[in-house]
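**Q** Got a sequence here, can you build the structure:
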Amino acid sequence: MVRVKSPNLPTLPGCGSRVNASILLVEGDDSVRESLSHALASESYSVLAVGNSRDALRAFSAGRFDLAVVDMGFDG
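**A** Here you go, the predicted structure:
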């Protein structure tokens, strides 16, 4: 399980704080999971990336996510 936090980017003028969407990423391929995690984090999303269905279910039941991105060909 990999948690990637978005970088500390400046807030927009007139906005007191910044709200980052939380994404659960489920991808079995390590390199794809890592690449997508970093790409999403670079766009200011908070990403929890997991590599199997057991960890995905555990994360989903323990946390609140705005979006889940799941590999359509996922076997595990």
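**Q** Check what contacts stretch 24-31 and list those residues.
**A** Identification of contacts with stretch 24-31 by C-beta atoms under 8 Å, 6 or more residues apart in numbering yields 33, 36-37, 40, 47-53, 56, 59-60, 63, 65, 67-71, 74-76. Backbone N, C-alpha and C define where each C-beta goes, glycine included.
**Q** Of the residues you listed, which belong to strands?
**A** 47-50, 67-70 (DSSP state E).
**Q** From the residues you listed, list just the buried residues.
**A** The neighbour count (16 or more other C-beta atoms under 10 Å) marks 47-50 as buried among those.
**Q** who touches stretch 60-74?
**A** Contacts of stretch 60-74 (C-beta under 8 Å, 6+ apart): 21-29, 32, 36, 48, 53, 56, 59.
**Q** ok, 6 Å please
**A** The contact list for stretch 60-74, computed with C-beta atoms under 6 Å, 6 or more residues apart in numbering, reads 21-28.
**Q** buried residues in that stretch?
**A** 65, 71.
**Q** distance between the longest helix along the chain and the chain's centre?
**A** Ranked by residue count and defined by DSSP state H, the top helix of the chain is helix 30-42. Relative to the mean C-alpha coordinate of its chain, helix 30-42 is positioned 8 Å out (C-alpha atoms, centre = their mean, to the nearest Å).
**Q** Show the average pLDDT along stretch 34-53.
**A** Stretch 34-53 shows a mean pLDDT of 93.
**Q** Send me that stretch as PDB with only the CA atoms.
**A** C-alpha atoms of stretch 34-53 as PDB (Å, rounded to 0.1, in the frame of the first residue of the first chain):
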ATOM      1  CA  GLU A  34       3.600   4.000  -9.100                       C
ATOM      2  CA  SER A  35       3.400   6.100 -12.300                       C
ATOM      3  CA  LEU A  36      -0.300   6.900 -11.900                       C
ATOM      4  CA  SER A  37       0.100   7.700  -8.200                       C
ATOM      5  CA  HIS A  38       2.800  10.200  -8.800                       C
ATOM      6  CA  ALA A  39       0.900  11.700 -11.800                       C
ATOM      7  CA  LEU A  40      -2.200  12.200  -9.700                       C
ATOM      8  CA  ALA A  41      -0.300  13.500  -6.700                       C
ATOM      9  CA  SER A  42       1.500  16.100  -9.000                       C
ATOM     10  CA  GLU A  43      -2.000  17.400  -9.800                       C
ATOM     11  CA  SER A  44      -2.700  17.900  -6.100                       C
ATOM     12  CA  TYR A  45      -4.700  14.800  -5.400                       C
ATOM     13  CA  SER A  46      -4.200  12.700  -2.200                       C
ATOM     14  CA  VAL A  47      -3.700   9.200  -3.500                       C
ATOM     15  CA  LEU A  48      -3.800   5.800  -1.700                       C
ATOM     16  CA  ALA A  49      -2.600   3.200  -4.100                       C
ATOM     17  CA  VAL A  50      -3.000  -0.600  -3.500                       C
ATOM     18  CA  GLY A  51      -2.100  -3.600  -5.600                       C
ATOM     19  CA  ASN A  52      -4.800  -6.200  -4.700                       C
ATOM     20  CA  SER A  53      -8.500  -6.500  -4.000                       C
END
